[in-house]
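K.L.:
Okay, structure incoming, though there's no sequence with it:
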């Protein structure tokens with residue numbers, strides 16, 4: 001009915017509720033209309049402003065209600081339930097079953113991609129990322145078991161949760177599906193509530209896996225950065241001295257380890273040589289190795305433990321190797337609950353006299369290869385630093401070198417190495 005018909009009904013007949021003419025009219029607006037068109041003048045609004053004020057007040061309340069509903073809708077969209085929506089690949093050849101499953105999954109807020117068989121599902125899987133795959137067992141072209149195997153073979157960092165659907169209910173069928181890599185199993189016909197529960201379980205697992213992948217990614221970035229820093233503490237070039245040559249090779253089976261070495265200048269005539277191996281690997285071992293490399297630095301570094309600064313002569317005094325090991329043990333030992341310790345070989349070479357004085361804290365022995373005699377091991381022994389008793393002293397030895405002699409200093413990474421056959 002038109003507005004004129006509504007007014008005519010009000011003027012010539014008993015006032016009818018406006019909702020009989022206009023559907024879904026708000027109650028408050030209906031009351032205003034009835035009052036504005038009342039038959040008795042005394043029942044109507046006194047002035048047009050009174051009517052306008054009533055309408056404006058109603059409009060403001062309506063706008064406030066609309067804003068409140070919009071805010072509630074936005075909050076719902078940002079709720080954990082909405083944020084946990086997943087992209088699901090549904091592979092089912094039975095149209096009615098597929099329709100029912102998709103309807104339920106969509107109602108729960110998930111994005112569903114349909115496939116009518118395993119071959120189509122595999123193509124879709126390769127084109128996009130899915131958190132969960134729900135697949136029927138028996139399908140044409142490629143069945144659910146083969147699709148499952150392809151998914152498991154193609155997986156990268158993101159884990160895909162797979163739920164198998166089948167009319168088979170025998171225990172050996174369940175075992176077969178689980179053994180092939182299925183995460184869950186639902187017998188047909190699928191009960192809506194059971195599907196919802198299994199889906200929530202898969203959602204928790206995929207979420208935990210995503211968090212684990214991200215944590216590992218951050219950890220790898222941290223390890224790469226720490227490895228780059230550690231490489232900066234290794235010598236980049238050998239020092240050049242007349243009649244003395246230095247060479248080295250550093251290979252690590254892990255990005256971050258506790259091996260460290262260097263050749264440092266102590267004064268015009270003396271060179272310090274050390275190799276150390278912190279127990280374990282990873283960031284803790286690497287950080288301790290880098291800390292030690294700063295202490296075992298050349299005489300120009302104020303933090304060096306290899307020399308003792310002399311304020312009177314302004315010339316640093318070179319500490320004996322055994323004294324260096326003693327001081328390191330005083331600084332890093334004495335804690336019975338400490339989980340870290342390290343082996344050390346440190347020696348001082350007098351380039352003029354060619355005498356090499358050295359000490360060892362349970363480090364592999366130095367190999368001395370004379371130019372005119374058979375190689376021999378120079379073993380000192382001792383406890384690793386950090387395990388030696390507090391106040392323990394370290395033995396020191398010396399060897400006289402001659403032109404053409406060689407010294408080989410290494411860590412246990414060399415002696416523990418094996419070939420392809422597993423032989424040392």
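P.N.:
Perfect, thanks for sending it. No experiment lies behind these values; they were computed from the predicted model shown.

K.L.:
Relative to the whole chain's centre, how far out is stretch 215-225?
P.N.:
For stretch 215-225, the separation from the chain centroid amounts to 7 Å (computed by C-alpha atoms, centre = their mean, to the nearest Å).

K.L.:
buried stuff in that stretch?
P.N.:
Neighbour-count burial for stretch 215-225, counted by 16 or more other C-beta atoms under 10 Å, picks out residue 223. Yep, even glycine has a C-beta here, placed from its N, CA and C like the rest.

K.L.:
other SSEs contacting the longest helix along the chain?
P.N.:
Identified as the longest helix of the chain according to DSSP state H is helix 192-233. Applying 3 or more C-beta pairs under 8 Å, 6 or more residues apart in numbering; DSSP states H and E, we find helix 192-233 packed against helix 95-107, strand 132-136, strand 161-166, strand 184-187, helix 283-295.

K.L.:
can you tell which of these is closest to residue 380?
P.N.:
Taking C-beta to C-beta, helix 283-295 is the member of the helices and strands packed on helix 192-233 nearest to residue 380, at 18.7 Å.

K.L.:
For that closest one, buried residues please.
P.N.:
Buried residues in helix 283-295 (16+ other C-beta under 10 Å): 285, 286, 287, 288, 289, 290, 292, 293, 295.

K.L.:
And for that helix, what's in contact with it?
P.N.:
222-223, 226-227, 229-230, 233, 256-260, 262, 276, 278-279, 301, 303-305, 328, 340, 342 (C-beta atoms under 8 Å, 6 or more residues apart in numbering).

K.L.:
Sort out which of the residues you listed are buried, if you could.
P.N.:
223, 226-227, 230, 233, 256-260, 262, 276, 278-279, 304-305, 328, 340, 342.

K.L.:
Check the secondary structure at residue 46 for me.
P.N.:
Following DSSP: H, G, I helix; E, B strand; the rest coil, residue 46 is assigned to coil.

K.L.:
Can you pull the phi/psi pair for the residue nearest to residue 257 when sequence neighbours are not counted?
P.N.:
Once flanking residues are discounted, residue 257 sits nearest to residue 281: 4.7 Å by C-beta to C-beta, 6 or more residues apart in numbering. Dihedral pair for residue 281: phi -150, psi -170, per degrees, to the nearest 10.

K.L.:
Over to residue 144?
P.N.:
phi -60, psi -40.

K.L.:
what's it in contact with, if anything?
P.N.:
91, 118, 135, 136, 137, 138, 164, 165, 166.

K.L.:
List only buried entries from those.
P.N.:
Among the contacts of residue 144, those classed as buried by 16+ other C-beta under 10 Å are 91, 118, 135, 136, 137, 164, 165, 166.

K.L.:
In JSON lines: these, plus distance to residue 324.
P.N.:
As requested, the buried ones among the contacts of residue 144 are exported to JSON lines (distance: C-beta to C-beta, whole Å):
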{"residue": "91", "distance to residue 324": "68"}
{"residue": "118", "distance to residue 324": "69"}
{"residue": "135", "distance to residue 324": "66"}
{"residue": "136", "distance to residue 324": "72"}
{"residue": "137", "distance to residue 324": "70"}
{"residue": "164", "distance to residue 324": "65"}
{"residue": "165", "distance to residue 324": "70"}
{"residue": "166", "distance to residue 324": "71"}
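
K.L.:
where's the dip in pLDDT among the residues you listed?
P.N.:
The lowest pLDDT within the buried ones among the contacts of residue 144 belongs to residue 166, which sits at 81.

K.L.:
Excluding chain neighbours, what is closest to that residue?
P.N.:
Per C-beta to C-beta, 6+ apart, closest to residue 166 is residue 137, 3.5 Å.

K.L.:
Relative to residue 188, how far out is the one you found?
P.N.:
Counting by C-beta to C-beta, to the nearest Å, the separation of residue 137 from residue 188 is 9 Å.

K.L.:
any residues in contact with both of these two?
P.N.:
Counting by C-beta under 8 Å, 6+ apart, the common neighbours of residue 137 and residue 188 are 165, 166, 167.

K.L.:
count of residues packed around the closest residue to the last one other than its chain neighbours?
P.N.:
Taking C-beta to C-beta, 6+ apart, and ignoring the residues beside it in sequence, residue 167 has residue 188 as its nearest neighbour in space, at 4.7 Å. Here the neighbour count serves as a burial measure; for residue 188 (other C-beta atoms under 10 Å) it reads 16.
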